[in-house]
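Chemist: whatever this is, show me its structure:
(2 chains)
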Amino acid sequence: MSSWADAADEEPHAQVVAPDPGFKESDPPPPGFSASDEGAHNPSLIEAQAGSGSGSGSAAGAGVEDGVDKPDIALKSEGLQEEEGEEVQAEVRGDAESIYKAAETFEDLGLSKELLEGLYSGMKFQAPSKIQARTLPLILSPPYSNIVAQGHNGSGKTTCFTLSMLSRVDVGENCPQALCICPTRELAMQNYKVMLKMAQYTSITSKCTASEEYGGGGRGAGVEKAGASINEQVIIGTPGTLKNWITSGRKPPLDVTNLKILVFDEADQMLDANNFKDMSLRIIKAIEDKKNKAKGAPPLQILLFSATFSDVVKEFTSRVVGNDAHRIWLPASKLSLDVIKQYRVVCPREEDKVDVLKERIFPLAERLGQCIIFVRTRPAARHLHNELANEGHKCTSIHGDQSFQERDQVVKEFRDGTTKILIATNVMARGFDVSTVTLVVNYEPPTVNGDGQTPDPETYMHRIGRSGRFGRKGAAFNLVTEHTKQVDVLGAISGHFQREVKDVPFDDDDAFEEVLKEAGLA
DNA sequence: AAAAAAC
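Modeler: Coordinates of the predicted model:
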């Protein structure tokens, strides 16, 4: 594992699929926009096409051809390939001129010397990825607008908001100034490690609510009844503990009056009514209330980042970030990850799935790297783990019924490659970054509320995105039982993304070998 | 009829 592989989330191959209009100041305006456009003062919808590929029906602006930016050059030097024909939609409110000022280098962003060193020497980055080039100038300069940004897995979102937090911190002020909220402990810790690495040459202080110090004691360990006052400048954590620290659960509470920037990672999940919506809104309200009571508190900048936004959540974001926020969306046609090949395995009976795992997939997984098998429930994870372990298959499982120590141990073993096969609930569906994961198995297609019938394309997208990282190839096997709703659910999901999901006969060894060869894996 | 996250 390379030096940053264990900590860096979505950075290095960020540029692989990141959308970017690729314009520079010297470029002519993108289609649908002109300098005299009222968009300079009013919300405007800008659709730009970069590269020569897709949807060429609409007029692609001349001079926005991609592949000439420094970020791409830097990327190619890392042996990564740029996807052609990327397309991006940006709905920009306020100063639409700023859309032209994409940062070609990190120096363009006015970062401190220490932070630049962290990026170059610490993270081994050479230039901003597309989403970084596009959003960081907006985030880091007055009026410090709110941002909603959608970018593929691996487009560099983590660097984007981590850098934003670090850059906005005033090192002379010893109080919390930046806060990042993540849906799981594992993701909070992963992001925390990225932040530490990036900040290593600075004197910026930080704390993670999910560190062993707080999260090591099993359930409820995040609830700290009393402690020293928290003076760290960057705070990263999970919603429950943070809410507790901010409101009455901790003495003294986490002081949020001086917060300048609030980041929601996996923002669509954090704002989804079925997930953390209430918690997130309560945290925001608590912060704003405290700021309102304090005199001279700095305004709060809110950043929302995710690879996916359902229409409902997309609509809702304006309630959180207001109507003046800058928004960067991926069009539906570009949502899927083309580096990951997707397959469907139709099994006559539910029980056949275990055999498919044992006889077809595991032998390949052993050769190809690591494999994550997603199941719907905690008992299912436990059960499948037992069944496989009893037959001598070395695997582990992770789910919310385990203690934090168990979870940490399982993650550690998987990260260092001691274990190759991980059975997981949706706790691992998002953000988890292990570069050697080449196979993802959906033991059943994901459904909303686990109801078995409402397709959950967002979760599907995040799950399969656990493979194919760092510019590597990936494959996803979807196991469905014949004549069940699973077939329809998967059909709806593949229809949603408009990507081919090829059938592999459940009882044919050669077929599995064959498709993986075709996926560039075998 | 789930999972995650405060208790």
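
Chemist: how far away is the closest residue to A:Y144 other than its chain neighbours from A:S164?
Modeler: Residue nearest to A:Y144 in three dimensions, not counting chain neighbours: A:Q301, with 4.5 Å by CB to CB, 6 or more residues apart in numbering. C-beta coordinates here come from the backbone N, C-alpha and C atoms, glycine included. Distance from A:Q301 to A:S164, counting by CB to CB, to the nearest Å: 8 Å.

Chemist: need the overlap of contacts for those two.
Modeler: Shared contacts of A:Q301 and A:S164 (CB atoms under 8 Å, 6 or more residues apart in numbering): A:I139, A:I261.

Chemist: compare these two (neighbour count), which wins?
Modeler: Just comparing A:Q301 and A:S164: by other CB atoms under 10 Å the higher neighbour count belongs to A:S164, 27 against 23.

Chemist: leaving out chain neighbours, which residue sits closest to that one?
Modeler: A:I139 (4.7 Å).

Chemist: contact partners for that neighbour?
Modeler: Contacts of A:I139 (CB under 8 Å, 6+ apart): A:S145, A:I147, A:C160, A:S164, A:Q301, A:L303.

Chemist: pLDDT score assigned to the second one?
Modeler: Which is A:I147. What the model reports for A:I147 is a pLDDT of 97.

Chemist: residues in contact with it?
Modeler: A:I147 makes contacts with A:T135, A:L138, A:I139, A:I302, A:L303, A:L304, A:V321, A:A325, A:H326, A:R327, A:I328, as judged by CB under 8 Å, 6+ apart.

Chemist: what about whichever strand or helix holds the fourth one, near DNA strand B?
Modeler: Going back to what we said before, that points to A:I302. Using DSSP states H and E, the element containing A:I302 is strand A:301-306. No: residues of strand A:301-306 contacting DNA strand B under CB under 7 Å from any atom of the strand: none, with a closest distance of 14.5 Å.

Chemist: before we move on, the earlier item: so of the contacts of A:I147, which two are at opposite extremes in space?
Modeler: Spanning the widest gap among those are A:I302 and A:I328, at 14.6 Å by CB to CB.

Chemist: list the buried ones in the strand holding A:I302?
Modeler: A:Q301, A:I302, A:L303, A:L304, A:F305, A:S306 (16 or more other CB atoms under 10 Å).

Chemist: anything in the lengthiest helix in chain A near DNA strand B?
Modeler: In chain A, taking DSSP state H as the definition, the longest helix is helix A:277-293. Yes: using CB under 7 Å from any atom of the strand, helix A:277-293 reaches DNA strand B at A:M279.

Chemist: contacting residues around the closest residue to A:D503 other than its chain neighbours?
Modeler: Nearest residue to A:D503, sequence neighbours excluded (CB to CB, 6+ apart): A:R344, at 5.3 Å. Contacts for A:R344 (CB under 8 Å, 6+ apart) come out as A:F477, A:N478, A:V480, A:L490, A:S494, A:V501, A:K502, A:D503, A:V504.

Chemist: list the contacts of the second one.
Modeler: Taking CB under 8 Å, 6+ apart as the criterion, A:N478 is in contact with A:Q342, A:Y343, A:R344, A:V345, A:V441, A:N442, A:P445, A:L490, A:V501.

Chemist: who wins for most neighbours among those residues?
Modeler: Greatest neighbour count in those, by other CB under 10 Å, goes to A:P445: 28 neighbours.

Chemist: thank you kindly, that will do.
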